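**Q** here's a sequence, model it:
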Amino acid sequence: MTVKQQLLQGLKGGLIVSCQADPSTPLGHPQVLAALAAAAEQGGAVGIRANAPANIAAISKQVSVPIIAIYKQMYPDFEVYITPTPQAAQEVFSCCTPSPAIIAFDATSRPRPNGHTWQEILRFIQNELGALAMADISTFEEGLAAAEAGADLVATTLSGYTASTAYKREQGGPDLELVAQLAKEVSCPIICEGRIRSPQEACEALCAGAWAVVVGTAITAIDRVTANYVAAMKAHAR
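**A** Here you go, the predicted model:
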């Protein structure tokens, strides 16, 4: 079994916890996010998804499970922000030792800064960095294109977060239909990510054909989870 196969088998059927937070919040500090990641691993997570070099470096010192690294960078006039350039991929790959095993990037059909294409970023991650490339997509067509281009994993991360798929976010819940469509048509692992709010929905994602499931807000966003409880209880008290 190759190193890649071993890594993917280690993720199969498991929970990947996304440990991210806005820097302006109490959770948005490398040491705090590293503690969240360590707690997630202790609870049985098979991987951690993390954003930005400083956070990834801190998390890498606290966990032994694979890290799916991203670098969110905002550029004027561009909607793409998840590892939008080869340089962004290089920065998160170089921020710790050992380097992250997987780098995720936006593989939607939208334009990205400096004339880069998602295919270029995919090849850079695999050929120049030697990491596995996870394509974050929003539609079946994008997922199919990413798989055909050689992505190691395809994730439904952006379903509901692009102009053409915004209605799916309004419907609520994970895009299990997209997971099922992709699982039937492509050979690479499909990762279900986005709007999974309960263990039951995570199990439904696996039943739909997901190789693994990424959960963030429902586990690590203490502020948002607390606000949901408070809002519900206030509504009940009226």
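**Q** the protein: strands as residue ranges?
**A** With DSSP state E, the ranges of strands along the chain come out as 15-18, 47-51, 67-70, 102-106, 132-136, 153-155, 190-193, 212-215.
**Q** format these as a markdown table; extra columns: mean neighbour count.
**A** Every residue, glycine included, has its C-beta placed from N, CA and C. Below are these laid out as a markdown table (neighbours: other CB atoms under 10 Å):
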| stretch | mean neighbour count |
| --- | --- |
| strand 15-18 | 25 |
| strand 47-51 | 27 |
| strand 67-70 | 28 |
| strand 102-106 | 27 |
| strand 132-136 | 27 |
| strand 153-155 | 27 |
| strand 190-193 | 29 |
| strand 212-215 | 26 |
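**Q** closest to E120 out of those strands?
**A** strand 102-106 (10.2 Å; CB to CB).
**Q** what packs against that closest one?
**A** Applying 3 or more CB pairs under 8 Å, 6 or more residues apart in numbering; DSSP states H and E, we find strand 102-106 packed against strand 67-70, helix 86-93, helix 118-123, strand 132-136.
**Q** any idea how far apart the tips of stretch 1-17 sit?
**A** Across its full length, stretch 1-17 reaches 26 Å between end residues, using CA to CA, to the nearest Å.
**Q** run through who's touching that stretch.
**A** Applying CB atoms under 8 Å, 6 or more residues apart in numbering, the set of residues contacting stretch 1-17 from outside is 36-37, 40, 44-49, 65-66, 68, 101-102, 132, 152-153, 189, 191, 202, 206, 211-216, 219-220.
**Q** turn the helices and strands packed on strand 102-106 into JSON lines, columns for mean pLDDT and distance to K4.
**A** Listed next are those as JSON lines, based on pLDDT from 0 to 100; distance: least, CB to CB, whole Å:
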{"stretch": "strand 67-70", "mean pLDDT": "98", "distance to K4": "14"}
{"stretch": "helix 86-93", "mean pLDDT": "98", "distance to K4": "16"}
{"stretch": "helix 118-123", "mean pLDDT": "98", "distance to K4": "15"}
{"stretch": "strand 132-136", "mean pLDDT": "98", "distance to K4": "6"}
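**Q** I'd like these as CSV, with distance to R112 appended.
**A** Putting these into CSV (distance: least, CB to CB, whole Å) gives the following:
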stretch, distance to R112
strand 67-70, 14
helix 86-93, 10
helix 118-123, 7
strand 132-136, 12
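**Q** would you mind measuring from P113 to P86?
**A** 11 Å (CB to CB, to the nearest Å).
**Q** before we move on, what about S64?
**A** Taking CB to CB, one finds S64 at 28 Å from P86.
**Q** look at these two and report which has more neighbours.
**A** P86 (19 against 7; other CB atoms under 10 Å).
**Q** got a list of what that one touches?
**A** Residues near P86 by CB under 8 Å, 6+ apart: H116, E120, I121, F124, E128.
**Q** which of these lies closest to L144?
**A** For the contacts of P86, the nearest to L144 is I121 (17.8 Å; CB to CB).
**Q** for the residue lying closest to that closest one once chain neighbours are set aside, what are its contacts?
**A** Excluding its sequence neighbours, the residue lying closest to I121 (CB to CB, 6 or more residues apart in numbering) is F105, at 5.0 Å. With contact set as CB under 8 Å, 6+ apart, F105 has these partners: 70, 82-84, 89, 118, 121-122, 125, 133-136.
**Q** in the protein, which helix or strand is least confident?
**A** helix 166-171 (a mean of 91; mean pLDDT, DSSP states H and E).
**Q** other residues contacting that one?
**A** Outside helix 166-171, the residues that touch it by CB under 8 Å, 6+ apart are S159, G160, Y161, D175, R195.
**Q** surely the last one and G173 touch.
**A** Yes. The pair R195 and G173 qualifies as a contact (CB atoms under 8 Å) at a distance of 5.7 Å.
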